[in-house]
Each structure stands twice: as structure tokens, then as C-alpha cells.
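J.: the sequence isn't on hand, but the structure is:
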């Protein structure tokens, strides 16, 4: 059959679409949804600076713009490239992680980023995408029978726990936990038996006393303060107590845009980064908080639908893993500021001020969009056409 | 081949994805539930906490009422007080900041230690006072160097200031920090740096002068910095008090007294207004406001001349011969002697086994009443007192203001002592002895009076028997500051005016007769002359042995504490008296030599200034 008569469906299967066709396959409503949430973020940063674009909102807009371009670029890339270079990318991220750790040892204390001049890159953020790619690549290559074999699980567990250990050493407990959970979700989605998780969890619980001994004092304090925030109302518990006061005083409809007293009088710490949800809920109340939560849920549902509609395992795992990663950001951050879990320093995705997180998130969305564009492509377990 | 297995793998994925979606949904619901709990169920509680965070109620201290003299000259004012404070939270290195500050204002190591101690005790955003009463230059320097002094703030308040220092310190009293037992629950008292009246007028009228505190609701940020004021309720400033004192005259009196430990009172004989109430040595009331060092306090307390005591009302002396007018009037009223009847003075008189001496060893000869007053003959008054009896003397003495506190607006006023039989019985259960009447007759023995009482006595003689009461404020206030109209009925002492006239004639002769005991102090100021009476009150007992061997020791030969008190009471002008004066020089020696010249000078200056005739300015309302 001559190429020009082949149906779009055919070409989708054989991934030789033109750029225009690919662009049309991008889920623009998905992007719109993301942009809406990001815009909410700009407004909150504007408010956090007491009605000024400078110093946060304007930079965040620029970063989001760059992020959108990166997302589109990643979306139209051939999905085979991801499949082929997944391990290479993972290795690259791992080297950067080691580099940061080594420099942290040589230099002064905890340093989590590498300065490239135009951006301060946090390798741990990069690793979140790299691990999803790698695990998706690995499980894509396993048959359903092979997944049942414990020996086949050793390699992906190593792939997960080596970067986790490096990040824990930084020390960045929040990111390490997120990586473990996101990795676990991919394992779960790939079909690993539930009793294996139970076994691992039991082992992990047994290791808690050991881990407790390895925790830094400030981390132990965070856990202890979580159990009882009033334990130290002027010190460690202060942040979470002030955050709860801010949320509670917001009530159902909030105090109004830029009217939050807790945030604007600086009772609320880190209002432009980790505690930005608190400020939103103080100014827009429960209505605002639930609306944002609904928007996030929509983004997650979009990601899940993309994963379910994908015909190949690589894309499914990738989209699901990245979506789960996004969900973890949202959940951990909001649960943290509401005093449900310890303060672990995870930003609110698309809204908190921060360059690396914004870019890696947008790259993650780019990869999910790429899965959407290439959902019907036929990928063999080895990586080539079936 | 693997197609079927792969589709099975896909179905497994879909099931697992659905499970994950369910899990995520559950977690999302948990978040929504928590939001509902915090923002609906607990909203009220957290709303209150948020307001507690941001709203701070600050008390506004009212400006203390001013105290001015009868012509509106300021005796006690409020001066701007610039304080420099440091906030730990805003200064990266406290030691460095204090060192930098030390280049501008002197800071001792003790100061720095105190500041460090306070900084450690207080919360990080609470300012700690480094120094107060900064000069304008110091303040300007600090503001100029502000970039090098992070966390250093200047704060402006009011502090009490007495522009004339020790001029009228005992009348005004002073203000000082609130002590534990001054606390009444009034919030004002708990303000850091708040001062209350601790002595004098400042103490008596403290509530009136204090005013009512206002308050200000302010919004503060997390550092405690005030963002804006939400609500302000102004307080009421303290009442301004106008005293009857004439500042210039008071200062003149202090100057005339010089180095002596003395009391001087000048009164208007018709209104009872006290124009001068001087007590020396004095003290600087500003030092109390600043805070005394232990050394300074001990120096004040251990000074035998008692600078803190207002000797006009808190010290009592034997009135000595100044009491003789009372005895004379009591005798005339009782009819035991007429003004012309004479008593022969041989230098002493015997009663039982005891001999009572006149101050003039060889006697005065025959004396009638005016002669006796003029020469201050003791023997005459021994005899007259013996005839009248102590009870009648005491009764007349009380009518002239002796023997009980006069109720002047000052703390620590003492009542003096006018003894009688009943008193003696109550005092020690002993019967009254006739010899004691003789001693009382010349103002010695048990009789005690304050300089103010003697001034009041003189005023009542001078005005012909009107029971004037001494007053220090031009308007009457209750102690909490409510203005009251004084509708005190003018009472009479109830003594025959003729008797008073006799005594006044005698007092005129004391000064204006060439042989009067105070003739050296006489003056004639355009026809205005003074009448008075000297008094010398003995402090020690003169033994028989001393009289016989060395003779009565002269004051110069005695230690200060054993010397006689010198007294002089007077009024002027003789014909139509307007002013009465009393001067008591503690351990000063003889009344005619020491007290009379001072009293004379003060009275002349009083007549020259004539403060009662001058129109005082309209009462000052509000802040001057």
C-alpha cells in the first residue's frame, strides 16, 4: 500500500506521523487544565509578595512558559527514543546525584543542587522522571510470567533503592520517600503480587528502629512534633500550628484575596513555597481549597485515562508512574500543611515557587503527553516493532 | 504467541490502575475531610487564635498633670524622654551592635551585662532598654548611624522633670518606679517604666495627676512590629495642679536660710494660702525618677539633717517663747491677770524644791504683759501659767492650731503636742505636776509644734482670731481629681479681740521697741513694719552643776545636735497684717540672733512682692 494512502490509524501504529499530526494529538485540554492551576499559582505568588509581581510571580510565569515549550518538545519526540535511552538517562541522573553528594561532602553541609548558571538543577528532581522511565522500560520488557519471579525483581529494586539511598544521604527525607512510593506504584501497576509488598513493608517496619538511629535530630524532631505539634509551639511546632490557624481562620469562604492576616503578617512561614496552599486556603477558604483539589484530581484523572488508553505497556506504566508522582506531590504537600503528616519539605506542584520543580513537572507532563501522542504505537518488548 | 499474554498483562494493569485510582480518591477525600474539619468545625477557634496572633492591645500612658506655682510657673513638668532600645531578633550580633552603640553613648560593662541579661530573659522580638534620657545630639548620632546599628530603635516617651531641682522638693515630692506593693490591679501600673508619686504633692494627688490610660489596638506581624493601628481610645490626661506657692519667694527663702537645717513657712493670714514652705537641706527629686544608686540613697537616709523630711510639717519642736502668746491669751481669757498687772522677775522662781530660772540671770524687774512679751521674761510666764493652769492653756493653744494635724495636702504631717492633765494620765498614768505647768508656760517640757502650726498660730493672731487653715492648692480637688468647691465656713477662735490686741502690742514691741528681743531684725518698708516673737528651744537638760560651775554653755561650745533650736514667728504689716511667717533653725542657737534675721528678710521680700495682691494668671487648663 502506498504511503500516502495509509490511514491515520495505520500511521499511528507505525509512529511515522508528521509533526502537525503529532501536535494535533497532544491533549490541549490537559495542557489547559495545567495552565489553569499554574495561573492560580501566579496569583498566589502575587499575593505572597503583597501585591507585587516581583520577586516570585514574574519569574514563575517565565519558568512556566519555558516549561510549556519543553513539554511540547518532549511530547512530539518519538516514544522509541525514550524507550531506547531510558537507562542512559537514568545513569546520567545517577551520576549527577553522586556528584552532588560528593560535593556536599567536600563543600559545606547539605547541598542539593548543581548550578548550571541559568538554572540550579536538583538531580533528585531529575531522578523522579529518570526512575519512572527506567522502571517502565524494565517492566515493559518483562512478560506476565516473568513478573511473578522474585529474581526478576532484584534489578528494579536496586534501580529504585540506590538513588533513594543517595537522596537520603543529602539528606532529603521527603524526596526519598516520594521516590520509594512512586517506584512502588509502578511495581504495583506492573503486576507484582500484593503479598510481596506486604513482606517488604513488614521488613521496612522492622527496620524502623535502625532507621530512627540514622535520622538527623531535626528529622526526629519533625516526627515527634508531628505526633504533638504543641510540644514546642515556639520552635518546631510553630510552623504547623500557624498553618492550621491560617487554614482554620480562613473558614468556608476565606478572608479574600491578599487579605490573609496569617500569611501577610508573616506568621505563616515559607508562604511562597511549601506553605502556599495554606495561604490559598486562608484567602479563599474551604471553597478555594476544594476547587484546587478538584483541579488537581482532574489532572490526575487525565493522566490515568491516558495511561489506560495506551496500547503499549511502556506508555501505560510511564503515564501512570508520572501521574502517581504528581499525585504524591499534591497529597504530601497538602496533608503536610494541614498537619496530617510530618513537615517533609515537598512543594505544591505548579503553584509553589521553585524553578527545578516547575521544569521537571512540566517535563513529566511532556512525557505523559508523548504517551498520549504515541498511544497506539506498537512497541515490542525488546523495544522494536513487534 | 505473546499477544494473548500481553493483553492479559494489559488487563492486570487496568485492574491495578483502577485500584490505585481508588486509593488516590480515598486519600483525596481524606484531604477534603481534613479541610472541612479545620475550616468549618474548628474555624471559630482558629479565627480567634489568628486574631490573638495579629492584634495586640497596647496601653497608652496618659500625660501626668503639671504642677505649677501660683503664677503658673512650672514646678513639675513632663519632658520628652528619648530611649534607645535593642531588639535581639533584628540584630545579628548583639555584642557587636552594643560595641558600636558604645561609641555614641557611654555604656559601662555593667550596662552591657544588664542588657544581655534582659535580652536573654525576654522574647526575641521584645525590645530591651539600653539607655534613657538621651540628649538630642546622641539621638541624632544614633539615627545617623542606623545602618551600622541593626535592631536598634529609638522610642519617645514622657518623663517627669522638676526644672527647679531641690527648690520645693519636699512639697512636690517625687515620682518613682512602681513597686510590688503599689500594684492595685490597674493595668497602667504594670507598664514598663511607669512612675507614680511617692512623696509630697505627687503622692497625695497621685490619682488626680495620673489621669486615665487610653489604649490602642494594633495589628502586629510575626516579629511583633506594629503594622497599623486598628482602634484608638485616648485616655484622659492628669489634672494640672496650681499650688499657692510663690516659686520666687520660695527660692528666696531657701537662699536666705543658706547652709542651715531649717524650716520656713509664709502664709497669707486671711486665706491661709501657703506662699513658702521651705525645708533645708533639700534633695534633687529628679534623681528619684532616674533611679537612685544604693550609695545615693544611703547618703540621703543617713544625713542627720534629714533632707527627705519636710521639716515644716513632719518635724516638731518645743515652741519655746513663741508659745508665750498663747499663755498670755489664756490668762487674759481666764481673768487671772490684767494686761497692766505686773509680776516681779528676780531671775528665778521657786516651786517646791525646784528653782525655775529666767533666761536673764539677774532678772527683769517688774513686768506687765506687753513688757513680758517684749523681753520674753520667763518668770512672768511661770507665774501666769501657774495661775491659769495647764488645761486652760491647752484649750487656747488648740484654738490657735496647735496640738493636732492641720490637714494640709501633704503626707506625713505630724500633730505636735499640747499636753493637759488628761493627756498625762493617758500618757503614763502619772498625775500632772505643777512644775510641768511652769515649763509649758514658756513653751518647753511636753509642748511640741511644727513650724506650720506656729505659722498658723501667728496668722490667727495677726488676722484677729479667724481660724484660717493652711492650703497648698488654689483649687480644691478630691484625691482622685474631682474638682470640689471649698465652702469651709470661716470660724472664729473665740478669744476676746482685746486679748489678741494686747498680745499683738507685745509682739510689736519685740521688734520695734529699742529694747525688744528682735529689734535688730526690725525694718520699715515704706511704713510697713513687722511684729514677731523670738523663741529658743532647749534641746538638752541644763544641770545645776553646769549653772554653778561653768555657767550655761554657749551654743558654739556644744556639738551641733545639742544646740538650741532657734525660732521666730512674725507677721506684717503691723497695722493691717497680711502675711505671717515662721522660721525654725534646727540647732541654730538663739531665736533673735539666728531665726529673726532670716524671717525678717523673707517677710520684707514678701511685702515687696506682695504675692497675694498680684493677680495670678487665669488657671492653666490643658497642657502648658
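T.: Done, it's in. Predicted, not measured: the structure shown is a model, and the values here were computed from it.

J.: which of the helices or strands spans residue B:546?
T.: Residue B:546 is part of helix B:544-548 when elements are defined by DSSP states H and E.

J.: report the mean per-residue pLDDT for that helix.
T.: Regarding helix B:544-548, the rounded mean pLDDT is 75.

J.: what's the answer for stretch A:186-205, then?
T.: For stretch A:186-205, the per-residue pLDDT averages 89.

J.: one more: stretch A:18-25?
T.: Looking at stretch A:18-25 alone, the average pLDDT works out to 87.

J.: cool, stretch B:72-92 as well?
T.: For stretch B:72-92, the per-residue pLDDT averages 84.

J.: for stretch A:66-74, same thing?
T.: What stretch A:66-74 shows for mean pLDDT is 95.

J.: so who does the residue of chain B found nearest chain A touch?
T.: Nearest residue of chain B to chain A (CB to the nearest CB) works out as residue B:46 at 2.3 Å. For every residue, glycine as well, the C-beta is placed using N, CA and C. Shown in contact with residue B:46 (CB atoms under 8 Å, 6 or more residues apart in numbering or on different chains): A:244, A:245, A:246, A:247, A:248, A:249, B:38.

J.: for chain B, where's the lowest mean pLDDT among helices and strands?
T.: strand B:483-484 (a mean of 67; mean pLDDT, DSSP states H and E).

J.: one step back: turn the contacts of residue B:46 into TSV, including secondary structure.
T.: Supplementary listing: those in TSV, determined by DSSP: H, G, I helix; E, B strand; the rest coil:
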residue	secondary structure
A:244	helix
A:245	helix
A:246	helix
A:247	helix
A:248	helix
A:249	helix
B:38	helix
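
J.: top of those residues by number of neighbours, please.
T.: Compared across these, residue A:247 has the highest neighbour count, 33 neighbours, by other CB atoms under 10 Å in any protein chain shown.

J.: residue B:239 versus that one, what's the distance?
T.: Separation of residue A:247 from residue B:239 (CB to CB, to the nearest Å): 51 Å.

J.: please apply the same query to residue A:373.
T.: As defined by CB to CB, residue A:373 lies at a distance of 87 Å from residue B:239.

J.: tell me who's in contact with the residue of the stretch 1-150 of chain A found nearest chain B.
T.: Taking CB to the nearest CB, chain B has its nearest neighbour within the stretch 1-150 of chain A at residue A:144, 4.6 Å off. Applying CB under 8 Å, 6+ apart to residue A:144 gives the contacts A:191, B:5, B:6, B:8, B:9, B:12.

J.: same deal with residue B:286?
T.: With contacts defined as CB under 8 Å, 6+ apart, the neighbours of residue B:286 are B:160, B:161, B:162, B:165, B:174.

J.: how about the strand or helix carrying it: buried residues?
T.: Using DSSP H and E, the secondary-structure element containing residue B:286 is helix B:285-290. By 16 or more other CB atoms under 10 Å in any protein chain shown, the buried positions in helix B:285-290 come out as B:285, B:286, B:287, B:288, B:289.

J.: circling back to that earlier point, which element follows the least confident helix or strand of chain B toward the C-terminus?
T.: helix B:497-512.

J.: who are the packing partners of that following helix?
T.: Secondary structure elements in contact with helix B:497-512, counted by 3 or more CB pairs under 8 Å, 6 or more residues apart in numbering or on different chains; DSSP states H and E, are helix B:324-334, helix B:369-375, helix B:451-462, strand B:531-537, strand B:565-572.

J.: what's the angle from the last one to helix B:451-462?
T.: The one in question is strand B:565-572. Inter-element angle recorded for strand B:565-572 and helix B:451-462: 30 degrees (by axes from the mean of the first three to the mean of the last three CA atoms, to 10 degrees).

J.: what's the mean pLDDT across the helix or strand just after strand B:565-572?
T.: From strand B:565-572 onward toward the C-terminus, using DSSP H and E, the following helix or strand is strand B:579-585. For strand B:579-585, the mean per-residue pLDDT is 95.

J.: could you point out the helix or strand that follows strand B:579-585?
T.: Moving toward the C-terminus from strand B:579-585, the first helix or strand encountered (DSSP H and E) is helix B:596-609.

J.: list the buried residues in that following helix.
T.: Of the residues in helix B:596-609, those scored as buried under the neighbour-count criterion (16+ other CB under 10 Å) are B:596, B:597, B:598, B:599, B:600, B:601, B:602, B:603, B:604, B:605, B:606, B:607.

J.: in TSV: the buried residues of helix B:285-290, plus distance to residue A:344.
T.: As requested, the buried residues of helix B:285-290 are arranged in TSV below (distance: CB to CB, whole Å):
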residue	distance to residue A:344
B:285	63
B:286	61
B:287	60
B:288	59
B:289	56
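
J.: more neighbours, residue A:373 and residue B:239?
T.: Here residue A:373 and residue B:239 are set side by side on neighbour count (other CB under 10 Å), and the busier one is residue A:373, at 26 against 21.

J.: for the more buried one, which non-adjacent residue is closest in space?
T.: The shortest distance from residue A:373 to any residue that is not its chain neighbour, by CB to CB, 6 or more residues apart in numbering or on different chains, is 4.3 Å, and that residue is residue A:25.

J.: what about that neighbour, distance to residue B:450?
T.: For residue A:25 relative to residue B:450 (CB to CB), the value is 111 Å.

J.: more crowded one of these two?
T.: Set side by side, residue A:25 and residue B:450 give different neighbour counts by other CB under 10 Å, the larger being at residue B:450 (30 against 20).

J.: is that one in contact with residue B:319, as I believe?
T.: No. Between residue B:450 and residue B:319 there is no contact, the gap being 9.6 Å when judged by CB atoms under 8 Å.

J.: for residue 55, what are phi and psi?
T.: Because you didn't say which chain, this covers chain A. With angles defined as degrees, to the nearest 10, residue A:55 sits at phi -100, psi 0.

J.: looking at chain B here, not the other one
T.: Summarising the backbone geometry of residue B:55 under the convention degrees, to the nearest 10, its torsions are phi -100, psi 130.

J.: just residue A:31 next, same as before
T.: Here the main-chain torsion angles of residue A:31 (degrees, to the nearest 10) amount to phi -60, psi -40.

J.: and for residue B:77?
T.: Recorded main-chain torsions at residue B:77 are phi -130, psi 180, according to degrees, to the nearest 10.

J.: again, but for residue B:348
T.: As for residue B:348, its main-chain torsions (degrees, to the nearest 10) stand at phi -160, psi 160.

J.: so how many other residues sit close to it?
T.: Other residues near residue B:348 come to 15 when the count uses other CB under 10 Å.

J.: residue B:474 now?
T.: In terms of burial, residue B:474 registers 17 neighbours under the definition other CB under 10 Å.

J.: same check on residue B:279?
T.: Around residue B:279 sit 28 other residues, with neighbours defined as other CB under 10 Å.

J.: contacting residues for it?
T.: The neighbourhood of residue B:279, defined by CB under 8 Å, 6+ apart, consists of B:170, B:262, B:263, B:264, B:309, B:310, B:311, B:312.

J.: the residues you listed also near chain A: which ones?
T.: Of the residues in the contacts of residue B:279, proximity to chain A by CB under 8 Å from any CB of the partner chain holds for none.

J.: mind checking which of the residues you listed land in strands?
T.: B:262, B:263, B:264 (DSSP state E).

J.: need the per-residue pLDDT for the first one.
T.: The predicted structure scores residue B:262 at 93 on the pLDDT scale.

J.: where does the residue nearest to residue B:128 when sequence neighbours are not counted land in three-state SS?
T.: For residue B:128, ignoring the flanking residues on the chain, the nearest one in space by CB to CB, 6+ apart is residue B:118 at 4.6 Å. In the three-state summary, residue B:118 is assigned as helix, counting by three-state DSSP.
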